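In: Quick one, what's the 3D model for this:
(2 chains)
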There are 2 protein chains.
Amino acid sequence: MDVIRRAHSMRELMRRERRHGRKVGFVPTMGALHEGHLSLVRRMRAAADTVVVSIFVNPAQFDEGEDLARYPRDLTGDVDRLQNERIDYVFAPETGEIYPDGDRTWVEVSELGELFEGKERPGHFRGVTTVVMKLLQIVHPTIVAFGQKDFQQAVIVKRMVRDLMVDVEVEVLPTVREDDGLALSSRNRFLSTSLRQAALAVPQALDVAKERFEAGERRPEELIVAVREALEASDGLAVDYVDLVDVESLTPVPEIERDAVLLVAVRAGNTRLLDNLVFKEPAP
Amino acid sequence: MDVIRRAHSMRELMRRERRHGRKVGFVPTMGALHEGHLSLVRRMRAAADTVVVSIFVNPAQFDEGEDLARYPRDLTGDVDRLQNERIDYVFAPETGEIYPDGDRTWVEVSELGELFEGKERPGHFRGVTTVVMKLLQIVHPTIVAFGQKDFQQAVIVKRMVRDLMVDVEVEVLPTVREDDGLALSSRNRFLSTSLRQAALAVPQALDVAKERFEAGERRPEELIVAVREALEASDGLAVDYVDLVDVESLTPVPEIERDAVLLVAVRAGNTRLLDNLVFKEPAP
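Out: Take a look at the predicted model:
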């Protein structure tokens, strides 16, 4: 496994992969790798000949005053973890490699980027789409993996790839959870024992919605209220939003007729936690 | 020569070119081809193994109320002209191929896109960079050619390619002129005989600047005033701007110490005409 620090070298190595007709699987990350990331890595190892994982804490997706400084960083540990996964390349550029002086180009998905997390964090998704586009241009993978946990991010990246006609397949993979159901996130480490306990209300609330859906409930309002109630019953959580929206447009659905997703964001102390549940209607 | 109408087919054909290790030269155009375009085509034929010319009148770079409807279209004539140039592929997609329903991703170069033509035509360069990015992702050429005539456009595209790390070489080629000096442009056909005559003041004004520069003048103000005076002496022209700026940042230079460009825009009746002159200082 090579640890590549320069965009120029990464590009050159990837050109060679393509020349040899190898399928390249790519997992872009901000490091602090957990089993959620590793599940993406393993999927790419199964789907591709060559696997590249990038580790880059992207300043452009943090607001001023947001937690860029406290975002967890552990390059040595991450590299060890990836070594164990037998991947081919870690791409871990310095900030200046990705945002050199004079950089001023932005990629933005309008509307989708302004909803939900975009409302909380203006400019966040513009930062995400811009860095993903840069990374895709450097690595030029055959297939790229994102986690379903950050549902809106996955929708926006898929939209960008489709709109800009980037020659890559986007695969969105299921959320990995702790045994007790909490979705894995680099931010979980910020939770105190009591908030960690409170956070369990999130997967539990989604379970409630799942049961109601399986029992035949199709009215979004009913499902949303049930989830809200389950969340609000937990002491340490403040609900940011609970919404049931179309899986592509992220706009509210009047009734669950085709694929819809229930999006949840809460704050546990200073830590934002996201989770979601996709409702799939069987094809008619 | 094949005329490809679908993005999907174009992408597939280009994949094959790359698999075979062929160098692909690309000339994106809005059609209404003249000798300026053909000079780019010939350069690509010399520099690459396979030449692709796209013909796509990009609605996103026209303002509402701008001349999208009256933009000259002549696909049959253009295809004939390209046949004579022995290129390999014409890519002439319908609008819906490039902007399908639900499309909402934009590529924008901040600051550079708001100056000069961007001030006159808000959103224009966002439309240009977005469509160029899409075309580059579909064709994925080794080298892409732009004309120096639209200087700001070339600077912005180069900036975008560098910032987003698109794997392509951008070549900017000299302006092609009529015998009397008028820069070729698809818009020249809109000029009446008398405005066509008046428009000659533009290259003549640039010649004045060139002579003054060669005689040792290095003060931007002096050169700008000389050009303005030469333009204003011509009856049919209204000057939009005359500025002397850095060739990369497009910001005014206090003195010509390294490469700078004199940008000129005038209106001849309803027709905007652009031209420019690059001053090159010999390396010290």
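
In: Can you get me a residue count around the nearest residue to residue A:248 once chain neighbours are set aside?
Out: Residue nearest to residue A:248 in three dimensions, not counting chain neighbours: residue A:155, with 6.6 Å by Cβ to Cβ, 6 or more residues apart in numbering or on different chains. Backbone N, C-alpha and C define where each C-beta goes, glycine included. For residue A:155, the count of nearby residues is 24 (other Cβ atoms under 10 Å in any protein chain shown).

In: Residue A:155 against residue A:245, yeah?
Out: No - look at residue A:155 against residue A:245 with Cβ atoms under 8 Å: they stay out of range, at 9.5 Å.

In: host element of the residue nearest to residue A:248?
Out: Assigned by DSSP states H and E, residue A:155 belongs to helix A:151-163.

In: again, but for residue A:244
Out: Secondary structure (DSSP H and E) places residue A:244 in strand A:237-246.

In: cool, residue A:273 as well?
Out: Element membership for residue A:273 (DSSP H and E) is strand A:271-279.

In: Could you do residue A:87 as well?
Out: Assigned by DSSP H and E, residue A:87 belongs to no helix or strand.

In: contacts for stretch A:253-263?
Out: Applying Cβ atoms under 8 Å, 6 or more residues apart in numbering or on different chains, the set of residues contacting stretch A:253-263 from outside is A:116, A:151-152, A:206, A:209, A:213, A:218-220, A:223-224, A:227, A:241-247, A:250, A:274, A:276-281.

In: go with 7 Å
Out: Identification of contacts with stretch A:253-263 by Cβ atoms under 7 Å, 6 or more residues apart in numbering or on different chains yields A:116, A:151, A:206, A:209, A:218-220, A:223, A:227, A:241, A:243-247, A:276-281.

In: Not counting its neighbours along the chain, what's nearest the residue of the stretch 151-284 of chain A found nearest chain B?
Out: Closest to chain B within the stretch 151-284 of chain A is residue A:163: 3.6 Å, counting by Cβ to the nearest Cβ. Using Cβ to Cβ, 6+ apart and skipping residues adjacent in sequence, the residue nearest residue A:163 is residue B:105, 3.6 Å away.

In: if I look at that neighbour, how far off is residue A:129?
Out: Separation of residue B:105 from residue A:129 (Cβ to Cβ, to the nearest Å): 7 Å.

In: and if you look at residue A:71?
Out: Residue A:71 is 19 Å from residue A:129, by Cβ to Cβ.

In: same question, residue A:266
Out: Separation of residue A:266 from residue A:129 (Cβ to Cβ): 25 Å.

In: and if you look at residue A:25?
Out: According to Cβ to Cβ, residue A:25 and residue A:129 sit 20 Å apart.

In: same deal with residue A:146?
Out: Counting by Cβ to Cβ, the gap from residue A:146 to residue A:129 is 12 Å.

In: looking only at pLDDT, what's the mean for the longest helix seen in chain A?
Out: For chain A, the helix reaching the highest residue count under DSSP state H is reported as helix A:124-139. Per-region confidence: helix A:124-139 scores 98 on mean pLDDT.

In: what angle sits between that helix and helix B:151-163?
Out: Here the directions of helix A:124-139 and helix B:151-163 differ by 80 degrees (axes from the mean of the first three to the mean of the last three Cα atoms, to 10 degrees).

In: what are the phi and psi angles of residue A:265?
Out: When read as degrees, to the nearest 10, the backbone of residue A:265 gives phi -130, psi 130.

In: The nearest residue to it once chain neighbours are set aside: neighbouring residues, count only.
Out: Nearest non-adjacent residue to residue A:265, counting by Cβ to Cβ, 6+ apart: residue A:240, 4.0 Å away. The number of residues packed near residue A:240 is 17, by other Cβ under 10 Å.

In: what do you get for residue A:67?
Out: Other residues close to residue A:67 by other Cβ under 10 Å number 14.
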